[in-house]
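Engineer: When you get a sec, could you give me coordinates for this:
(4 chains)
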Number of protein chains: 4
Amino acid sequence: MSHNSFGHLFRVTTWGESHGPALGCVIDGCPPLIDVSEEEIQFWMDRRKPGQSRFTTQRKEPDLVKILSGVFEGKTTGTPISLLIENKDQRSKDYGDIKDKFRPGHADYTYQTKYGIRDYRGGGRSSARETAARVAAGGIARKILGPSVEIKGYLTQIGDRVVDRERCSMNVIDTNPFWCPDPEMVENWTEYLDGIRKNGSSVGAVIEVVAKGVPAGLGAPVYGKLDSDLAGAMMTINAVKGVEIGDGFSTAALTGETNADEMRRGNETGPRFVSNHAGGILGGISTGQDIVVRFAVKPTSSILKPRDTVDKDGNETEIMTKGRHDPCVGIRGVPVGEAMMACVLADHLLRHRGQNG
Amino acid sequence: MSHNSFGHLFRVTTWGESHGPALGCVIDGCPPLIDVSEEEIQFWMDRRKPGQSRFTTQRKEPDLVKILSGVFEGKTTGTPISLLIENKDQRSKDYGDIKDKFRPGHADYTYQTKYGIRDYRGGGRSSARETAARVAAGGIARKILGPSVEIKGYLTQIGDRVVDRERCSMNVIDTNPFWCPDPEMVENWTEYLDGIRKNGSSVGAVIEVVAKGVPAGLGAPVYGKLDSDLAGAMMTINAVKGVEIGDGFSTAALTGETNADEMRRGNETGPRFVSNHAGGILGGISTGQDIVVRFAVKPTSSILKPRDTVDKDGNETEIMTKGRHDPCVGIRGVPVGEAMMACVLADHLLRHRGQNG
Amino acid sequence: MSHNSFGHLFRVTTWGESHGPALGCVIDGCPPLIDVSEEEIQFWMDRRKPGQSRFTTQRKEPDLVKILSGVFEGKTTGTPISLLIENKDQRSKDYGDIKDKFRPGHADYTYQTKYGIRDYRGGGRSSARETAARVAAGGIARKILGPSVEIKGYLTQIGDRVVDRERCSMNVIDTNPFWCPDPEMVENWTEYLDGIRKNGSSVGAVIEVVAKGVPAGLGAPVYGKLDSDLAGAMMTINAVKGVEIGDGFSTAALTGETNADEMRRGNETGPRFVSNHAGGILGGISTGQDIVVRFAVKPTSSILKPRDTVDKDGNETEIMTKGRHDPCVGIRGVPVGEAMMACVLADHLLRHRGQNG
Amino acid sequence: MSHNSFGHLFRVTTWGESHGPALGCVIDGCPPLIDVSEEEIQFWMDRRKPGQSRFTTQRKEPDLVKILSGVFEGKTTGTPISLLIENKDQRSKDYGDIKDKFRPGHADYTYQTKYGIRDYRGGGRSSARETAARVAAGGIARKILGPSVEIKGYLTQIGDRVVDRERCSMNVIDTNPFWCPDPEMVENWTEYLDGIRKNGSSVGAVIEVVAKGVPAGLGAPVYGKLDSDLAGAMMTINAVKGVEIGDGFSTAALTGETNADEMRRGNETGPRFVSNHAGGILGGISTGQDIVVRFAVKPTSSILKPRDTVDKDGNETEIMTKGRHDPCVGIRGVPVGEAMMACVLADHLLRHRGQNG
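Structural biologist: You can find the predicted model right below:
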């Protein structure tokens, strides 16, 4: 058991606080002889790093990843891979006000209550900065999965503005700062988020992550089900409050005959499914269809709007959070969600191979 | 690592198939000196057992639980508690047709693909019958949590029929076969499900489970977050396709100031929260408020309606599932969801005590 | 984490007390499509069961193993295998005297102190009877390893009587009640143990277990080293106080050049080693040579000789243990040590396959 | 599961190779509010670091430990503690010869066979340098145990020269470069090891580690027994080939009445034991007596004496290892053994608290 590790055969342990000298992760169980370089991992880091548009926090972090172990002459050796990312742009003075007050909606109060101490600078361990280590690990997980598995995340909703599925195209995702697949929604979200930002507010989002090319058979029922591990993994991302697989909550309103993904003769890799209400997972095991996961991110709790709260002594006060924050932290959740998908799939690939050869 | 275990310090391993001689679980790590009897556990078993109304499967199972170890003179000894439930009403002939065909929406295809073999009788390991063992474990978990923690589940939606929150009362839940808290919805659901049932169809549902009296401080960030473990736990229940904590997906549409649960001076146990959008969990740690979890159950895949499918050789065919099935398997999901809530909380109570004394 | 489980991918959880209705185990992670029958497992059970000679306890237990799950039409399905062994010959009245007194050298005192309660009947969970479940699990582990791996245990010492390695032959082991490989030692041990037994005393032993045919490459450095897992596994067997790999403690007196197992050109499976001081493991990974493990079993603590002790209230008293006991519990440790070897190797075979394909 | 982690509630994950930029560990589960400083950890590091006498490797490493996370204003926060130790004195050219040849008795061959690749520089991951991270972790584990638990290791044997127990005193241990408790053996070992060293040879050793002040009740039967975890932990240390608890292998020759540690009326913390053959552990649970563990370390495999071996292509050749090595690696095993004792005890302290409150 480990509070700060996830995965089993592909096992990632992260460490680090928002305003400490560095953060990082140790990846254990990675198969040997896989080509890995800092540049490859950096590619994924750059997608998550802050300050890339006015819609994410203005903290400037190069997020350069260093490989400290486990890779020799460009290849993994099967031993633990230690990855380190230095913190460069801490401005701890920004956080003086939250030292003694609890931000509503934030982990300040619960960390203090659980541990009797907290590193309040930038949220310490509860900062979204921790997710940088996940993205680094995800970069290696993708190498295990290989080029036949493609993982793609995007936003389907910001605030109450939902994309129109009819208009969506994967090609649009990388052309705008929102990972938005709906070309007509980009300007809408731009104006909307500019308003939120200038108003000192924040707003939530819904993210969808799809994995294509995943072979049938991954997942370990009944308590290591692929969908259970995905749900648990996504729910560990900061601010996530809901997770769906495939049609998710809308299946409640379906009948059995509508929800059934009928099968027709396929090819050597398996049958052809007529639909994919299941999101690529049945009985906790992948079907060979696209794995579809969706998660909701609540609005950032650190806002300029004053809110009622109490201080460490229980006295009533109010708080407004200065400093640099994401008006919609869901945007940077996209590469994080992709990374978690990659890590869970890599772990299950190895687990399946262990049991089933 | 174990595919069929969940929890860490309160650890439950389940085993058994729908049509084998028995099923059961082993509970490891239970504190000693807790009063436990078969009668107490049976109380919870009886809430889940099939055949209690025409809205659940007509399979007749007394689901009598036997304690085989770990309890001495009425008290737990700290050693593993083995619980056994015999299967009594297998009718394996009912399942002849599914031996060679895959039910769309069911785990038939994925088990066969993963393992190259499956116990097709009643769905084998993928049967909802496995959840009986969880309910038994949950009965013991409740004893660890003690009387100050109250866990209550209920249905908020069957098909597209959603309860009216204004009318709901906890007192109504146990007075109808649907665990419905909305007194005016009972007749509506009765008629609706009778139609579904007579039509040989099935329908999904949404279940909400609330835990009151949970102390602040439970949960182990960042990969053992209480909400992550709850989401993972609920997603292991058969047919679950989505999980929410607190306001869940609807938080995406909120602003930071709306979503913030403001705090006011409370009493010695902590501050008073003005609202509970967070569902009792912030940063993966309980706040002391009600823990609120919601999950969606898809419609039962075994239906009388014929559906297109393929057989084990990949040939196109169709299937209709005779035998006894739940028209809305979500109904029996209520005691199961409660049990998973109890097990996750008991585990985190011990984990918290281990680290924090 | 689980106190009563061992292994990772091949994971065994045992439960049960000496005088409860039954004991058993759940095996999770077993590969599918392996032929398994109760008869095959029973073969190994019969080697451990009590009452087969006057040198082991006279408790009569048929130790019949029942498969409750995980095997369908004679093959494993990849789901948990539940094995059950009923207790038949409890005579709880024998144990009245140990209810309130602590046997020196036994777990009575420590269980009582740790848990505040203990099932004193026959030692409860601390009874060597628990090892029956391990032998059952070992029977399945052997099937995973396949016929190319041969595991053989034997006694090399009873009391101060040590076998002469020059005279030892594997063919002798099964021809005497001591698993003694030295034909000239059998009569010596017979007379010696008869004396011990008639005297109401007991004596220790040393057991060696050798696994032949284990491929090179098993073991997961640095904390899942094969030798570490073997040492930990053997040390879980009741009464074991020491474990050695290969030359063990005698390597302390060797020089580097003497201890080095030199290598010469071999065949396609690897080099030929000139010696095997290492006991088949280097750096925690198997070399392809014989795996050699040795462990010491202390004398049975339950003896007819009166010993000074205290009772539950701390008062001074003395105790002599009536009832049926092993004059040399090390004898029945042989099949248990073999089973633990098989389980550890099966686990590492799957772990290696998971990481390395 | 993790190959490079040990412990459960106090969980340590180590990473790093002998000639990489750094090595380190992540400690998860440490209780909050414990005073920890780099200086305190450094105290223990300095006891293990190389080059302190002519009897250990002449590699010069300051082994300065940096705390990267988990400690805030001098106190642990309950979040992961990341410790980093830079490698300073790599001389990779020393190792050119071992790139393509396998040192007999070393892990070269097995790493290559398992992974198909190895970082041959200084033994890579299999280097004893990895143990620096354990000592750092042990420094924190000692803080959890508190001042009432005292852990002390020493050598009882180098080569065939065994200390005389009658002459031993704990006060002598820190006064000589061998951690030798026998004042009259120091000169003997000095001369002996000088000869071994000048001869380009190496020799084994036996180390004993004693923990005083451990409360009764630690240990989790039956597969998390304290002695099992200690045996597994010691066996993960490089070159260890045997582990004993208490009287260890010599118990095989004892009778039940001799081996029994009789009990007499004690004080409020428990009875008084008349002897301690058990080494402080019965039934896998601590008795409150001294915990006594002994382990054998084989001679260093890297020696100047030429030995027969094969190269990566299987061709016969010979090898002599230049570079800096320990003539008796067992000496530096003392602080490592102490650290493993501390880590196992700290883990079990938390585990016990988790289950038993």
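Engineer: Could you check how many residues crowd around A:Ser148?
Structural biologist: 9 (other C-beta atoms under 10 Å in any protein chain shown). No exception for glycine: its C-beta is placed from N, CA and C like everyone else's.
Engineer: I'd guessed it sits against A:Gly213; true?
Structural biologist: Yes: with contact defined as C-beta atoms under 8 Å, A:Ser148 and A:Gly213 form a contacting pair (4.6 Å).
Engineer: pLDDT score assigned to A:Ala136?
Structural biologist: A:Ala136 is assigned 98 on the pLDDT scale.
Engineer: what's the answer for A:Arg91, then?
Structural biologist: Confidence at A:Arg91, expressed as pLDDT, is 68.
Engineer: For A:Val292, which non-adjacent residue is spatially closest?
Structural biologist: Leaving aside its chain neighbours, A:Val292 sits nearest to A:Gly279 (3.9 Å; criterion: C-beta to C-beta, 6 or more residues apart in numbering or on different chains).
Engineer: Where is the longest helix in chain A?
Structural biologist: Longest helix in chain A, counting residues (DSSP state H): helix A:333-356.
Engineer: Show me what that helix is packed up against.
Structural biologist: Other elements packing on helix A:333-356 under the criterion 3 or more C-beta pairs under 8 Å, 6 or more residues apart in numbering or on different chains; DSSP states H and E are helix A:38-48, helix A:131-145, strand A:150-158, strand A:205-212, helix A:226-235, strand A:291-297, helix B:108-115, helix C:330-356.
Engineer: so what strands line up beside the fourth one?
Structural biologist: Right, the one you point to is strand A:205-212. According to DSSP bridges, strand A:205-212 forms sheet pairs with strand A:150-158 (antiparallel), strand A:291-297 (antiparallel).
Engineer: could the ones you listed go into TSV alongside mean neighbour count and mean pLDDT?
Structural biologist: Shown next, in TSV, are the strands paired with strand A:205-212 (neighbours: other C-beta atoms under 10 Å in any protein chain shown; pLDDT from 0 to 100):
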stretch	mean neighbour count	mean pLDDT
strand A:150-158	22	98
strand A:291-297	28	98
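Engineer: Turn the ones you listed into CSV, columns for distance to D:Phe273.
Structural biologist: Output for the strands paired with strand A:205-212, formatted as CSV (distance: least, C-beta to C-beta, whole Å):
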stretch, distance to D:Phe273
strand A:150-158, 60
strand A:291-297, 57
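Engineer: and chain A, which residues reach chain C?
Structural biologist: Where chain A comes near chain C, counting by C-beta under 8 Å from any C-beta of the partner chain, the residues are A:1, A:9, A:29-32, A:78-79, A:221, A:350-351, A:353-357.
Engineer: Among those, which one lies nearest to chain C?
Structural biologist: A:Gly354 (2.9 Å; C-beta to the nearest C-beta).
Engineer: how near is the closest one to C:Leu349?
Structural biologist: 9 Å (C-beta to C-beta, to the nearest Å).
Engineer: Over to A:Gly217?
Structural biologist: 20 Å.
Engineer: For chain A, which residues score under the pLDDT cut-off?
Structural biologist: A:1, A:91-96, A:324 (pLDDT under 70).
Engineer: for stretch A:319-331, how far is the first residue from the last?
Structural biologist: Distance across stretch A:319-331, first residue to last, is 25 Å (C-alpha to C-alpha, to the nearest Å).
Engineer: List the buried residues of that stretch.
Structural biologist: The neighbour-count check on stretch A:319-331 (16 or more other C-beta atoms under 10 Å in any protein chain shown) flags A:Ile319, A:Thr321, A:Gly323, A:Arg324, A:His325, A:Asp326, A:Pro327, A:Cys328, A:Val329, A:Gly330, A:Ile331 as buried.
Engineer: Between those residues, which sits nearest C:Gly204?
Structural biologist: A:Val329 (63.9 Å; C-beta to C-beta).
Engineer: Isn't that closest one up against A:Ala128?
Structural biologist: Yes: contact criterion C-beta under 8 Å: A:Val329 and A:Ala128 qualify, at 6.0 Å.
Engineer: shared neighbours of the two, which are they?
Structural biologist: Common contacts of A:Val329 and A:Ala128 (C-beta atoms under 8 Å, 6 or more residues apart in numbering or on different chains): A:Asn238, A:Ala239.
Engineer: Of A:Gly354 and C:Leu349, which one has the most company?
Structural biologist: A:Gly354 (28 against 24).
Engineer: excluding its backbone neighbours, what's nearest the more buried one?
Structural biologist: If the residues on either side of it in the chain are set aside, A:Gly354 comes closest to C:Gly354, at 2.9 Å by C-beta to C-beta, 6+ apart.
Engineer: closest to A:Asp97 out of the strands paired with strand A:205-212?
Structural biologist: Nearest of the strands paired with strand A:205-212 (C-beta to C-beta): strand A:291-297, 24.6 Å.
Engineer: Now for A:Lys60, how many residues are close by?
Structural biologist: For A:Lys60, the count of nearby residues is 12 (other C-beta under 10 Å).
Engineer: show me the contacts for it.
Structural biologist: Neighbours of A:Lys60 in contact, by C-beta under 8 Å, 6+ apart: A:Pro50, A:Gly51, A:Lys88, A:Asp89.
Engineer: Surely it is in a strand?
Structural biologist: No: when DSSP: H, G, I helix; E, B strand; the rest coil is applied, A:Lys60 is found to be coil, with no strand at that position.
Engineer: any idea how far stretch A:185-199 is from the chain center?
Structural biologist: Its chain's C-alpha centre and that of stretch A:185-199 lie 23 Å apart, by C-alpha atoms, centre = their mean, to the nearest Å.
Engineer: could you dump it to CSV, C-alpha only?
Structural biologist: The C-alpha coordinates for stretch A:185-199 follow below in CSV (Å, rounded to 0.1, in the frame of the first residue of the first chain):
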residue,chain,number,x,y,z
MET,A,185,-17.0,26.9,-29.9
VAL,A,186,-13.5,28.3,-29.7
GLU,A,187,-14.5,31.9,-30.0
ASN,A,188,-17.4,31.4,-27.7
TRP,A,189,-15.2,30.0,-25.0
THR,A,190,-12.6,32.7,-25.6
GLU,A,191,-15.0,35.5,-24.8
TYR,A,192,-16.6,33.5,-22.0
LEU,A,193,-13.3,32.8,-20.2
ASP,A,194,-12.0,36.3,-20.8
GLY,A,195,-15.0,37.5,-18.8
ILE,A,196,-14.5,34.9,-16.1
ARG,A,197,-10.9,35.8,-15.8
LYS,A,198,-11.3,39.6,-15.7
ASN,A,199,-14.0,39.0,-13.2
